[in-house]
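Participant: sequence first, predicted coordinates after that:
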Amino acid sequence: MSTQYEKEIEELLKKLGDIGPKESWLQKAQRVATAKWNGFWRGVKDLPYTLPADQLMLSAIFLIVASYFLRFAFRPLALIVGAAGVVMFFAAFVMSFRYFFGTGNGDLRWRGQVVDMRHSQLSPFLRLKNWLKRRLQGL
């Protein structure tokens, strides 16, 4: 359906001819480079929300263990890999709190479906509290 509209638009543009100034190769290269750069930084900014903290933490632990064994063969590389593992571990630890502090999207999902947790079972503490309230009000 959209191809029909695209064809009609192309026909209209062909009938109208060239309108406006053409883009030079330098301007086009700058536009493409800017779009790619903005896309890259958008991906970097969204990384804490798209990268699961548990996978990052497992990768960090793997790097730390790898640096331990790598120290016997190539010590300078082991230091770099170990430092990267420690930084990744702390980053994963901080990222694991994103839902706790409200910076996550808040949608709980299971098998690709959003799970509504508003009508979930109360915790044992809240059940005890409610039971005590009812008992005290009944006296």
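Facilitator: Structure's in. What do you need?

Participant: show me which helix runs longest in this protein.
Facilitator: helix 25-50 (DSSP state H).

Participant: who's in contact with the host helix or strand of Leu12?
Facilitator: Element membership for Leu12 (DSSP states H and E) is helix 2-16. Residues outside helix 2-16 that contact it (Cβ atoms under 8 Å, 6 or more residues apart in numbering): none are found. (Each C-beta comes from the backbone N, C-alpha and C, glycine too.)

Participant: list the buried residues in that helix.
Facilitator: For helix 2-16, a neighbour-count test (16 or more other Cβ atoms under 10 Å) marks nothing as buried.

Participant: how about stretch 54-69?
Facilitator: Leu56, Met57, Ser59, Ala60, Leu63, Ile64, Ser67.

Participant: the last one reaches Val86, doesn't it?
Facilitator: I take that to be Ser67. No - if you go by Cβ atoms under 8 Å, Ser67 and Val86 don't touch, sitting 9.1 Å apart.
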